[in-house]
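1. Return a 3D structure for these sequence lines:
(2 chains)
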Amino acid sequence: MLNLLKEMLTYPFMVRAFVAGTLIALCAALLGVSLVLKRYSMIGDGLSHVGFGALALATALNAAPMAVAIPIVVAASVLMLWIAQNSRINGDAAIALISTGSMAIGVMIISMTNGMNVDVYNYLFGSILSMSGSDVTLAICLSAVVLLLFILFYNRIFSVTFDESFARATGTNAGFLNIVIALLTALVIVLGMRMMGALLISALIVFPALTSMRLCKTFRTVILHSSVIAVVCIWIGLTLSYLFGTPSGASIVICNIIAFCVYGLIGLATRKNA
Amino acid sequence: MNLITCENLTMRYESSFYALRDLNFRVESGDYLYILGQNGAGKSTLIKGLLQLKKPSSGTITYADGLSPSDIGYLPQTTQVQKDFPASVWEVVLSGCLNKMNRRPFYSHREKKLGAENLERMGIRELKNKCFRELSGGQKQRVLLARALCATTRILLLDEPAAGLDPVVTQDMYEQIDAINKKLGITIIMVSHDMHAALKYAKHILQLQQNQLFYGTTSEYLASDIGKAFISESEGSPLTDHAAAGPGLDTIGMVTDESAVSDKSGRSADPDTIADAAAVDADKERTDREYA
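-> Here you go, the predicted model:
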């Protein structure tokens, strides 16, 4: 076990994947609790499709992927939130529109330029090799921001998530908090996308939150369990991916599925006994 | 003293349709105001206006010196989200203190003390670490009332607090709100369509149907043509019959001064404890039955 760890960490790409992956999973889990409880689970999925379109555009333009993807996905997240709250189109319908639309645009751009190749495959399903040094730096900065904001606004995030009407009525700036959560989610998605794949990144947002909600009965324990589950699943998933050469995104999601089942069964058993 | 004064208040949906037209009323300190109206009468819009979540299109809402709309203790209708939300009672109650914290991120000793006091007041101290979603409907409303009491010392605004509760629990809650009004001197604004409860508890009644059908004291309402018309109309409605179902129901959840003096452990309770132990027990039994 220790030897395996030593061996893995001699490869710089594995070190990068572990560091960035852990931080991204942690951030996604924290934001995920609030998103899942507010019924915004699909925002993550929608944004990752937008991210796919943006990466395709960046490749076509020969631009740095992050420089193109970050502003586009951030803009999309604000747009989705706005549509969900203000427009006559329902939130879920709006997300479906934007996500399939940008996926289609991405596919068109790719087919008109390089054609479908390995890069596209990696965008869709993720690759363990994809994390660059600058990605890791970005992941460290981002997670520092997410953790700091989450701790400082913890009580207000609780209040807005539990009962937005009450929070607004008693002077909490719910609109501002919602925007902050959407922006941070967009950043987490863009960063995590190349490791997890555009099709799977939203699992990092929904799985840990839903898993811990099988068992936990307070907001605080849900947050703590989600963080731990997310990090442990990333570690096991990356190790599996390294050992068996499986796609990293899918391996991590499989670990999350197992965790979900375990928590679900324990939850069921304790409820029957109670 | 007038806490809130509305003059010629008009509010619209999306700039075209009138939601409310030309309301003139005031809320005095210590008042118990019932806002009555059918669905679509503009009650929710008025609530948003009073909490300053929506701007009037004309007319004014004036607040007494030192009263900010965020100091109003608000009890919103329960939402779908809360049905499966993992939160402890303590977390929910404390979140009522957020409007007192300015930019401070964490609860201090003062907020925790306030939270504990209000748990005690509502007679739900032993529910402190329970999970909110596993409580009975009546217990949930007590928790949300405790949260609202953390947010205010002067005025409570309740939006259909009896929605979805069975008659006995509803009656118990009305008594509690009445006790909050009488013992703590907190002004109550109750939004409801329960005519019978209004006649029993209200000091003033405001009846809406986009425009103002009636505003005045309860006895004036009883004497008015509009009041008589609506009372005879609601007499035939099975939905509101339970509130007048006779003395049997009234006595079950009744809050009396005597029962608040001591709880089961014999410890003498806070003089301003509102809830009585019997009502909590009734609630508990109900939860137990639900889970059996």
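
2. lowest-pLDDT helix or strand in the chain?
-> If you meant another chain, say so; for now it's chain A. Lowest by mean pLDDT, DSSP states H and E among the helices and strands of chain A is helix A:118-125, with a mean of 78.

3. try again with chain B
-> Of chain B's SSEs (mean pLDDT, DSSP H and E), minimum confidence goes to helix B:247-252, a mean of 39.

4. how many neighbours does residue 205 have?
-> Just so you know, I chose chain A. A:Ile205 has 33 neighbours, counted by other C-beta atoms under 10 Å in any protein chain shown. From N, CA and C alone the C-beta is placed, and that goes for glycine too.

5. You answered for a different chain; I wanted chain B.
-> Other residues close to B:Ile205 by other C-beta under 10 Å number 28.

6. mind listing what it touches?
-> Neighbouring residues of B:Ile205 by C-beta atoms under 8 Å, 6 or more residues apart in numbering or on different chains: B:33-34, B:36, B:198, B:214-218, B:221, B:227.

7. cutoff 6 Å now
-> By C-beta atoms under 6 Å, 6 or more residues apart in numbering or on different chains, the contact set of B:Ile205 is B:34, B:198, B:218, B:221.

8. So in that sheet, which strands flank whichever strand or helix holds B:Ile35, and in what orientation?
-> B:Ile35 belongs to strand B:32-36 when elements are defined using DSSP states H and E. Paired with strand B:32-36 in the same sheet, following DSSP bridges, are strand B:187-192 (parallel), strand B:204-209 (parallel).

9. could you give the mean pLDDT of the last one?
-> This points to strand B:204-209. Throughout strand B:204-209, pLDDT has a mean value of 88.

10. Okay, helices next: where are they in the stretch 1-150 of chain B?
-> B:43-50, B:89-94, B:109-121, B:137-151 (DSSP state H, counting those that start in this stretch).

11. Give the residue spans of the chain that score low on pLDDT.
-> Went with chain A since none was named. When residues are selected by pLDDT under 70, those of chain A lie in A:87, A:115-118, A:274.

12. if you could check chain B rather than the one you did, that'd help
-> B:14-16, B:235-292.

13. Where is the longest helix in it?
-> helix B:167-183 (DSSP state H).

14. and it, which residues are buried?
-> Within helix B:167-183, the residues that count as buried by 16 or more other C-beta atoms under 10 Å in any protein chain shown are B:168-181, B:183.

15. Quick one: list the elements packing against it.
-> On a contact count with 3 or more C-beta pairs under 6 Å, 6 or more residues apart in numbering or on different chains; DSSP states H and E, helix B:167-183 meets no helix or strand.

16. okay, the angle between it and helix B:137-151?
-> Counting by axes from the mean of the first three to the mean of the last three C-alpha atoms, to 10 degrees, helix B:167-183 lies at 20 degrees to helix B:137-151.

17. mind checking which helix or strand the nearest residue to A:Val36 once chain neighbours are set aside is in?
-> With sequence-adjacent residues excluded and distances taken as C-beta to C-beta, 6 or more residues apart in numbering or on different chains, A:Val36 is closest to A:Ala209, at 4.2 Å. Taking DSSP H and E as the definition, A:Ala209 sits inside helix A:202-215.

18. is any part of the helix or strand just after that helix close to chain B?
-> Later in the chain than helix A:202-215, the nearest helix or strand by DSSP H and E is helix A:219-244. Yes - Helix A:219-244 reaches chain B (C-beta under 6 Å from any C-beta of the partner chain) through A:219, A:222.

19. Now do helix A:219-244: which elements does it pack against?
-> helix A:12-37, helix A:202-215, helix A:248-273.

20. helices or strands up against the one helix or strand A:Ile83 maps to?
-> If you go by DSSP H and E, A:Ile83 is part of helix A:65-86. Applying 3+ C-beta pairs under 6 Å, 6+ apart, one finds that helix A:65-86 contacts helix A:41-61, helix A:91-112, helix A:174-196.

21. that older thread, kindly reformat the contacts of B:Ile205 as CSV containing distance to A:Leu199 and secondary structure.
-> Listed next are the contacts of B:Ile205 as CSV, based on distance: C-beta to C-beta, whole Å; DSSP: H, G, I helix; E, B strand; the rest coil:
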residue, distance to A:Leu199, secondary structure
B:Tyr34, 55, strand
B:Ala198, 56, helix
B:Thr218, 63, helix
B:Tyr221, 62, helix
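
22. Spatially nearest residue to B:Thr62 (excluding sequence neighbours)?
-> In this structure, B:Thr62 finds its nearest non-sequential neighbour in B:Thr5, 4.5 Å apart by C-beta to C-beta, 6+ apart.

23. mind checking how far that neighbour is from B:Ala19?
-> 20 Å (C-beta to C-beta, to the nearest Å).

24. Give the residue from these two that has the larger number of neighbours.
-> B:Ala19 (22 against 16).

25. For the closest residue to the more buried one other than its chain neighbours, grab the count of nearby residues.
-> Spatial nearest neighbour of B:Ala19, chain neighbours left out: B:Thr45 (4.0 Å); criterion: C-beta to C-beta, 6+ apart. Using other C-beta under 10 Å, B:Thr45 is surrounded by 21 other residues.
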